[in-house]
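**Student:** The following comprises the amino acid sequence and a computationally predicted model.
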Number of protein chains: 2
Amino acid sequence: MRQSNLFTKTTKNIPKNETSINAQLLIKAGFIHKEMAGVYSFLPLGLKVLNKINNIIREEMNVIGGQEVYLTVLQDKNIWKKTDRWDDKVVDNWFKTKLKNDTELGLGFTHEEPLTAIVRNHVSSYKDLPKYIYQIQTKFRNEIRSKSGIMRCREFLMKDLYSFSRTQEEHNKFYEKSKVAYLKIYKRCGLGDNTYETFASGGVFSKYSHEFQTLTKTGEDTIYVDEKRKIAVNKEVFNDEVLENLGLNKGELKEERAVEVGNIFTLGTKYSELLGLKFTDEKGNKKTVIMGSYGIGPSRVMGTIIELNNDSKGMLWPKEVSPFNVHLVLLNSDEEVVKKVGEEFYNTLQKNGIEVLYDDRQDKSPGEKLADSDLIGIFQRVIISKKTVEKNRFEHKFRNQKDFKLLAEKELLNLIK
Amino acid sequence: MRQSNLFTKTTKNIPKNETSINAQLLIKAGFIHKEMAGVYSFLPLGLKVLNKINNIIREEMNVIGGQEVYLTVLQDKNIWKKTDRWDDKVVDNWFKTKLKNDTELGLGFTHEEPLTAIVRNHVSSYKDLPKYIYQIQTKFRNEIRSKSGIMRCREFLMKDLYSFSRTQEEHNKFYEKSKVAYLKIYKRCGLGDNTYETFASGGVFSKYSHEFQTLTKTGEDTIYVDEKRKIAVNKEVFNDEVLENLGLNKGELKEERAVEVGNIFTLGTKYSELLGLKFTDEKGNKKTVIMGSYGIGPSRVMGTIIELNNDSKGMLWPKEVSPFNVHLVLLNSDEEVVKKVGEEFYNTLQKNGIEVLYDDRQDKSPGEKLADSDLIGIFQRVIISKKTVEKNRFEHKFRNQKDFKLLAEKELLNLIK
């Protein structure tokens, strides 16, 4: 894409009440726009990152057998009354609205109830199970405060998968599989080294749930990390009994601030029981389906990536989630010969299927272009200037490294791919 | 995908109040689930079709220079007050909700206001224009009644593009370009032959707007069609003056029922004036940006495709929007040799990058499998049975044709691709 055509510009104006690093940088770089606290629009560069994260998640959910659906925002109260989650005294972050005839509706903050009701229409026999169903869909939560940029929003995208199993054993097997998939997602998003499988409080059906916590100074949670075993314990369940239970040694644990980037939960028969989701087993007996839920917020992951990967100049996108693979920056673009090399190399990159943002802007100084490039933070940058053209070379630099290289076209293409 | 793994089943149970053909068939085939009137969830097969339509639209919007964004559902009333579109007496189909502190919010029914406000942050000079910005995003409209299945919903996906131009001439040029893109979208979705560019009422800034109307008996609109010139006039502007204006001869026009599958509209400076979207021209003068809006509802297109393409057995998906390219149906799957051929050919299709739904179900009779296949309506079907295996052939049939062919593997693969 030509940067001269991109409608967004970088800016120094950020809303005064925007205190989070992630939203400050994303607004400065033109990735997002703040509509109100906790409600952000995604502009072209931001949407590109979000879609890359979505696709990584989608691929890993498909690998473990997930099938994708797209449920609705508007929620019928009758189904939520069955599980006692309609009343604002029980669930305190509903957004509610009304039809013209005054029928109250909710805006979905999660989807256990409607999906369980759908699955009930399609599952009746043990032959129909297990099933793993997910969506990447917009959720609404009426938070009293919303101060963490795109990491805790009132309106946000969420991947929620729900598992429907016949036995506890079948459930446990998928639950473990989902952990592997989650860790792979964080690795691909560049969060692998800092993300810990973390024991958190469970429910009636399971002693623990599991969170995935990424270490960041700005994190909302406190966790205790065992670096060797690459696991952690959330403060909420941090006590001697739990440590003994997990075979952890208090002395070897490090207290850290972290942000929850995903969580998985054994639901047992809580929803299936109340909503009548049963199946007939091999022997003809009616049994209740065992469920699990598996959540991850793509925009929260995006915010976490930025909280971890920024410097005084701007953002540093890891390869797989960078809005483009390469930022091609043309300096001295008023010189015909430089422009010609730029246009040709832009075409070459496109022919090779390499996603490129091409800074072909005529009215910006080299200083402005390089500052914008650092702020936007594309994974790698190629500079074409009078100097590089004279040497018949290209200047290449990874955003997260200090040194650049002068390379001939062929070497450069090999490096970029 | 293996049909034995697909969680949805076909059904004969449809909600009693579901009178539209499109929703009846889509529910029977397990493509969608009705949450309430005008609110439908998309299940795996339905979501596949919807995504194909979205991608066709996305491709054609990119061709004419569109850049994609993703704005929010939750709307700040202050910006809508500036254009006098907040009051329920002015816009009668708002859904509204509230923050915990009682601040009223709206659920977006369109996005002229918020996008214009965003663009104002990024556009200041004639060098920044023209720009074409679109999204594929969920809209909410509080309709009193909602009886047309997925064709008129309270919650629905919409592609809305907005153009921002410097001069009327520049606007007109893009407006004409958008018509070409729209007609290409309908052609690719299999609606080309039945869809007419239709003159409809304009506004302050343009005598006409343009709709794209697809002829269907169940359509909500009445239009007058000139088949030779492939244009039509909406009843709302059908009068002698307009006919003379357009050079149309009343005697050559045919009255038809049709459904509006898209519309494009010259907004002029209506929103840019009220929201202060101005630019400095070459001479240093402040001017107001000229806008246009260009809408198309992917789920409405999906519903229209079904209204036009169905028979007593089910749906008939056109090639580019079929949930899968091929339905591979294994009959006599209890015979080992038949099963072996089925598995091998399923692998062959996947290796060739052909999307296939593979009916490998063991507990269904040939009659049930063929009935399900006709109902689901994938573009083409391949049957493998004891009979075909004995002949070392495959039975191939297009859903919209009566005759089948017995083909060897190589011929079949060439036909399918």
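**Tutor:** Sure, I can see it.
**Student:** Is the closest residue to A:Ser165 other than its chain neighbours part of a helix or strand, or is it coil?
**Tutor:** What sits nearest to A:Ser165 in space, not counting adjacent residues and going by C-beta to C-beta, 6 or more residues apart in numbering or on different chains, is A:His171, at 4.0 Å. Using the backbone N, CA and C atoms, a C-beta is placed for each residue, glycine as well. Three-state call for A:His171 (DSSP: H, G, I helix; E, B strand; the rest coil): helix.
**Student:** Any figure for the gap between A:His171 and chain B?
**Tutor:** Distance of A:His171 to chain B, computed by C-beta to the nearest C-beta, to the nearest Å: 16 Å.
**Student:** Before we move on, what's the pLDDT of that residue?
**Tutor:** Looking at A:His171, its pLDDT is 98.
**Student:** Also A:Ile354?
**Tutor:** On the pLDDT scale, A:Ile354 gets 97.
**Student:** any idea how far the residue nearest to A:Ser165 lies from A:Thr83?
**Tutor:** Look at A:His171 and A:Thr83: by C-beta to C-beta, to the nearest Å, they are 19 Å apart.
**Student:** And A:Ser146, what's its pLDDT?
**Tutor:** For A:Ser146, the model assigns a pLDDT of 85.
**Student:** Check whether it really touches A:Phe140, as I assumed.
**Tutor:** No. A:Ser146 is beyond contact range of A:Phe140, at 12.0 Å (criterion: C-beta atoms under 8 Å).
**Student:** residues contacting the residue nearest to A:Ser148 when sequence neighbours are not counted?
**Tutor:** Spatial nearest neighbour of A:Ser148, chain neighbours left out: A:Ser20 (5.2 Å); criterion: C-beta to C-beta, 6+ apart. Applying C-beta atoms under 8 Å, 6 or more residues apart in numbering or on different chains, one finds that A:Ser20 lies in contact with A:Lys147, A:Ser148, A:Gly149, A:Met151, A:Thr218, A:Gly303.
**Student:** Also A:Arg58?
**Tutor:** Residues counted as contacts of A:Arg58 (C-beta under 8 Å, 6+ apart) are A:Glu68, A:Ile136, A:Lys159.
**Student:** do A:Arg120 as well
**Tutor:** Per C-beta under 8 Å, 6+ apart, neighbours of A:Arg120: A:Leu275, A:Gly276, A:Leu277.
**Student:** before we move on, the earlier item: with neighbour numbers in mind, choose between A:Ser146 and A:Phe140.
**Tutor:** Applying other C-beta atoms under 10 Å in any protein chain shown to A:Ser146 and A:Phe140 shows that A:Phe140 carries more neighbours, namely 24 against 20.
**Student:** The nearest residue to that one once chain neighbours are set aside pairs with what?
**Tutor:** Spatial nearest neighbour of A:Phe140, chain neighbours left out: A:Leu107 (3.9 Å); criterion: C-beta to C-beta, 6+ apart. Counting by DSSP bridges, A:Leu107 is bridged to A:Leu74, A:Phe95.
**Student:** Was I right to think A:Leu107 contacts B:Thr97?
**Tutor:** Yes. With contacts counted by C-beta under 8 Å, A:Leu107 reaches B:Thr97, the gap being 6.8 Å.
**Student:** Quickly list what's touching both of these two.
**Tutor:** Common contact partners of A:Leu107 and B:Thr97 (C-beta under 8 Å, 6+ apart): A:Phe95, A:Lys96, A:Thr97, B:Leu107.
**Student:** Could you work out the most separated pair of those?
**Tutor:** Greatest spacing in the shared contacts of A:Leu107 and B:Thr97, by C-beta to C-beta: A:Lys96 and B:Leu107 (11.4 Å).
**Student:** counting contacts, what elements does the helix or strand containing A:Lys81 pack onto?
**Tutor:** A:Lys81 belongs to helix A:77-82 when elements are defined using DSSP states H and E. Judged by 3 or more C-beta pairs under 8 Å, 6 or more residues apart in numbering or on different chains; DSSP states H and E, helix A:77-82 is in contact with strand A:104-107, helix A:112-122, helix A:270-275.
**Student:** Of those, which is nearest A:Val382?
**Tutor:** strand A:104-107 (44.9 Å).
**Student:** I'd like to know which elements the closest one is packed against.
**Tutor:** Secondary-structure packing of strand A:104-107 (3+ C-beta pairs under 8 Å, 6+ apart): strand A:74-76, helix A:77-82, strand A:95-98.
**Student:** how about a cut-off of 10 Å?
**Tutor:** Applying 3 or more C-beta pairs under 10 Å, 6 or more residues apart in numbering or on different chains; DSSP states H and E, one finds that strand A:104-107 makes contact with strand A:74-76, helix A:77-82, strand A:95-98, strand A:131-140, strand B:95-98.
**Student:** Adding mean pLDDT and distance to B:Gly247, write these out as JSON lines.
**Tutor:** Formatted as JSON lines, these follow (pLDDT from 0 to 100; distance: least, C-beta to C-beta, whole Å):
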{"stretch": "strand A:74-76", "mean pLDDT": "98", "distance to B:Gly247": "46"}
{"stretch": "helix A:77-82", "mean pLDDT": "98", "distance to B:Gly247": "55"}
{"stretch": "strand A:95-98", "mean pLDDT": "98", "distance to B:Gly247": "48"}
{"stretch": "strand A:131-140", "mean pLDDT": "98", "distance to B:Gly247": "47"}
{"stretch": "strand B:95-98", "mean pLDDT": "98", "distance to B:Gly247": "43"}
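**Student:** Tell me which residues touch A:Ala29, please.
**Tutor:** By C-beta atoms under 10 Å, 6 or more residues apart in numbering or on different chains, A:Ala29 lies in contact with A:8-11, A:43, A:45-46, A:306, A:314-315, A:323, A:372, A:374-377.
**Student:** in the stretch 301-417 of chain A, which spans are strands?
**Tutor:** Remark: strands assigned in the stretch 301-417 of chain A by DSSP state E, counting those that start in this stretch are A:310-311, A:314-315, A:326-330, A:356-359, A:380-384, A:394-398, A:405-407.
**Student:** Kindly export the fifth one (C-alpha atoms) in CSV.
**Tutor:** Extracted C-alpha coordinates of strand A:380-384, given in CSV (Å, rounded to 0.1, in the frame of the first residue of the first chain):
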residue,chain,number,x,y,z
GLN,A,380,11.5,-4.3,9.2
ARG,A,381,12.4,-1.2,7.2
VAL,A,382,14.1,-0.7,3.8
ILE,A,383,15.4,2.8,3.0
ILE,A,384,16.0,3.9,-0.5
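**Student:** Closest residue of the stretch 301-417 of chain A to chain B?
**Tutor:** A:Asp363 (6.5 Å; C-beta to the nearest C-beta).
**Student:** That residue touches A:Ser4, doesn't it?
**Tutor:** Yes. Taking contacts as C-beta atoms under 10 Å, A:Asp363 lies within contact range of A:Ser4: 8.9 Å.
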